[in-house]
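1. Need a 3D model of the sequence below.
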Amino acid sequence: MIDLIALNYALLVLEHGSFRKAAAVLDVRPSVVSRRIRSLEDAIGVSLFQRRSQGAEPTLAGQRILQRGRAIADDIAQLLRAADLSSTGSEGSLCLGIVATIAGGTARELLRAFLAAHTDIDLQVVEGSPPEHIGAVRALGMDATFVVGSPSAPGCVVEPMWSEPILVALADGHPLADRETIAWPQLAAEHFIVSKADPGPEIQDFIVRKMSDLGYHPVVEPRPVRRGGLIALVGLGRAISLVGAAEADVAYPGVVFRPLEGELLPYNVVWSEQNDNPVLRRFLSLARTSRRRWLGGRRQSRQSRAWYPTQLREPPIRRHEARKHRRDELCGLDGLTRLASEHLGIGQQIAMHRRG
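-> I've put the predicted structure just below:
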């Protein structure tokens, strides 16, 4: 087996042309360098240097061997750097499951901030049902998944993250479109549509339960379309639906969104303690720090409305009015990218300390 330390000594002697100068760089005695290289020469059966009083010159065989040795040393240095970056979560991949759109909303802002601070991370986002994602997380085929509510996830950690208002999606010509917020009794005579795909069945159960508690029997029709197609149908003016706040960041022609009074949608992240992916640990660290900021923003106001996305706190949007999106203010996430950068800087300091 090649002594890599001896190889490094030999490369320094080649670079400086002297055992004495190489020893000075290494802060060891010249005899230590000489003995180490002599041991390497004995191991490979070839003399690497011609030792002279004025210095050391490589032999013909030494030149060829050390040229290849330089390439090997560079490869090892790159290997160690990649291992260091991977171990600290600065490089690698992260696979996340979602059940809601990331075109807007808190999840999008969190992912945007994380990627801005970790440019070498390969992010994979997978749509699907919560049971499928939780199974993948448990089997370590997925790092984490965002879920709504409190799912059953044996063998996993279910960690609360944030809440977003539930919105009523309705056509811009609907009588309720001019209201700032909407209450359940105002929806008693409405025709609801939901998707047959997840999370449509959960939304249907939620509507039926809430309306039944108030003594109403709602009409809820499952449709074989996903979120985008469902909201497009709402825009035709024949039905309404319920969606999460993330949908309000997407422009749908002829559709407006109004908060449903007193209803918040809790989001959790599900992950496994058996997962040793350092990128996941960095992501969770940023999410937890951000959660404290979100909760702090909520405590500053006694009304839950103050925690709604910015566009939901503006006056009702009339037909043909221009809509101003201020994404960085969504759910109090202004400055989140800076926060993620601070996390990255801390991680780099830790890595430098370890290398030192």
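2. how about residue 24, secondary structure?
-> When classified by DSSP: H, G, I helix; E, B strand; the rest coil, residue 24 comes out as helix.
3. pLDDT score assigned to it?
-> What the model reports as pLDDT for residue 24 is 91.
4. Also residue 148?
-> Listed pLDDT for residue 148 reads 84.
5. Give the bridge partners for it, please.
-> Following DSSP bridges, residue 148 is listed with bridge partners residue 267.
6. From residue 115, how far out is it?
-> 23 Å (C-beta to C-beta, to the nearest Å). Placement of C-beta: from N, CA and C, glycine included.
7. try residue 66
-> As judged by C-beta to C-beta, residue 66 and residue 115 stand 42 Å apart.
8. more neighbours, residue 148 and residue 115?
-> residue 148 (20 against 16; other C-beta atoms under 10 Å).
9. give the contact list for that one.
-> Listed by C-beta atoms under 8 Å, 6 or more residues apart in numbering, the contact set of residue 148 reads 99-100, 130, 199, 202, 244, 265-268.
10. Please pick the buried ones from those residues.
-> With neighbours counted by 16 or more other C-beta atoms under 10 Å, the contacts of residue 148 contain buried members at 99-100, 130, 199, 202, 244, 265, 267-268.
11. In strands, which of the residues you listed appear?
-> Judged by DSSP state E, the buried ones among the contacts of residue 148 include 244, 265, 267-268 as members of strands.
12. Tell me the pLDDT of the residue nearest to residue 95 when sequence neighbours are not counted.
-> Distances taken as C-beta to C-beta, 6 or more residues apart in numbering place residue 124 nearest to residue 95, at 4.4 Å, with adjacent residues excluded. Per-residue pLDDT puts residue 124 at 92.
13. State the number of residues packed around residue 124.
-> Neighbour count of residue 124, defined by other C-beta under 10 Å: 11.
14. got it, and residue 19?
-> Residue 19, neighbours per other C-beta under 10 Å, totals 22.
15. May I ask you to confirm that it is in contact with residue 10?
-> No: with contact defined as C-beta atoms under 8 Å, residue 19 does not reach residue 10; the gap is 10.1 Å.
16. which residues are in contact with both of the two?
-> Joint contacts of residue 19 and residue 10 (C-beta under 8 Å, 6+ apart) are residue 37.
17. Which neighbouring elements make contact with the helix or strand where residue 115 lies?
-> Using DSSP states H and E, residue 115 sits within helix 105-117. Helices and strands touching helix 105-117, by 3 or more C-beta pairs under 8 Å, 6 or more residues apart in numbering; DSSP states H and E, are strand 121-127, strand 157-171, helix 278-299, helix 336-355.
18. Report the buried residues of it.
-> Buried, per 16+ other C-beta under 10 Å, within helix 105-117: 105-115, 117.
19. Figure out how far it is from the centre of its chain.
-> In terms of C-alpha atoms, centre = their mean, to the nearest Å, the centre of helix 105-117 is found 7 Å from the chain centre.
20. That helix - what's its average pLDDT?
-> Rounded mean pLDDT across helix 105-117 is 86.
21. so where is the stretch 251-356 of the chain shaky, pLDDT-wise?
-> For the stretch 251-356 of the chain, applying pLDDT under 70 flags the ranges 294-356.
22. picking up where we left off before, export the buried residues of helix 105-117 to TSV and append columns for distance to residue 212.
-> Shown next, in TSV, are the buried residues of helix 105-117 (distance: C-beta to C-beta, whole Å):
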residue	distance to residue 212
105	29
106	30
107	31
108	34
109	35
110	35
111	37
112	39
113	41
114	41
115	43
117	46
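23. Just name the closest of the residues you listed to residue 3, please.
-> residue 117 (40.1 Å; C-beta to C-beta).
24. distance of that closest one from residue 285?
-> 11 Å.
25. same thing with residue 13?
-> 45 Å.
26. Compare the two (neighbour count), which wins?
-> Using other C-beta under 10 Å, the more surrounded residue of residue 13 and residue 285 is residue 13, with 29 against 15.
27. Which strand or helix spans that one?
-> Per DSSP H and E, residue 13 falls inside helix 4-16.
28. Show me what that helix is packed against.
-> With contacts taken as 3+ C-beta pairs under 8 Å, 6+ apart, helix 4-16 sits against helix 19-26, helix 30-44, helix 60-87.
29. want to throw those helices into JSON lines with distance to residue 221?
-> Listed next are those as JSON lines, based on distance: least, C-beta to C-beta, whole Å:
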{"stretch": "helix 19-26", "distance to residue 221": "78"}
{"stretch": "helix 30-44", "distance to residue 221": "79"}
{"stretch": "helix 60-87", "distance to residue 221": "50"}
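30. right, and these - which one's nearest residue 216?
-> Residue 216 sits nearest to helix 60-87 of all these, at 55.5 Å, using C-beta to C-beta.
31. Fine by me, we can end here.
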